[in-house]
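Undergrad: would you be able to build a 3D model of this:
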Amino acid sequence: MPDIPWSTPHEPAPGAEVYVMASRFETETLTGALRFFLKAPGIIRQIRKAPGAHGVALRARVTRRTFLTLSAWEDRDALHRFARSEPHRSSSRAAAAFMKESAFTYWTVPASELPLGWAEAERRLAERKQAY
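TA: As a prediction, this is how the structure comes out:
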């Protein structure tokens, strides 16, 4: 399945620091992965309209039942406002029923480093997993 490449909904202010979130989701079943994948475009569209969103990308490995997300935000509050808004709020609660594992990591970077790449996100997620 193709990835949804990085897009920049709202350009950050020059010299700003942005708040980054990377996540990894693994579903229990292939059916769960298909359900997750079918919801993903709507959530990406929601992020692209969200106040304070500076970037978003999705890496979908449906047959492996694994998904990575990468997003950049004006600040932590902008990310939290998005996470509590619909349809993300309902979709994430529904996805919990078919999720095997999820992991999240957060950091800040200068806005000049956008767009972000997958290597750093994967490294940070792997470090987080090893910390358990």
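
Undergrad: doesn't Ala72 fall inside a strand?
TA: Yes - under DSSP: H, G, I helix; E, B strand; the rest coil, Ala72 sits within a strand.

Undergrad: in this structure it contacts Glu17, no?
TA: No - using Cβ atoms under 8 Å, Ala72 is not in contact with Glu17; the gap is 10.2 Å. C-beta here means a position set from N, CA and C on the backbone, and glycine is covered the same way.

Undergrad: which helix runs longest in the chain?
TA: Assignment by DSSP state H gives helix 30-49 as the longest helix of the chain.

Undergrad: which helices and strands sit right next to it?
TA: Contacts defined by 3 or more Cβ pairs under 8 Å, 6 or more residues apart in numbering; DSSP states H and E place helix 30-49 against strand 4-7, strand 17-27, strand 53-61, strand 66-73, helix 88-95.

Undergrad: for the chain, where's the lowest mean pLDDT among helices and strands?
TA: The least trusted helix or strand in the chain, going by mean pLDDT, DSSP states H and E, turns out to be helix 118-130, with a mean of 88.

Undergrad: show me which positions of that helix end up buried.
TA: Buried residues in helix 118-130, counted by 16 or more other Cβ atoms under 10 Å: 121, 124-125.

Undergrad: contacts for that helix, please.
TA: 22-24, 57, 59, 68, 70, 103-105, 107 (Cβ atoms under 8 Å, 6 or more residues apart in numbering).

Undergrad: and what of stretch 31-42?
TA: Residues contacting stretch 31-42 (Cβ under 8 Å, 6+ apart): 1, 4, 25, 27, 58, 60, 62-63, 65-67, 87, 91, 95, 98-99.

Undergrad: next one: stretch 48-56
TA: 4, 6-12, 18, 44, 47, 69-75, 77-79, 81-82, 85, 111, 114-116.

Undergrad: before we move on, what about stretch 69-87?
TA: Counting by Cβ under 8 Å, 6+ apart, 6, 10, 12, 16, 18-23, 25, 39, 42-43, 46-47, 50-59, 88-89, 92, 106, 109, 114, 116, 118, 121 sit against stretch 69-87.
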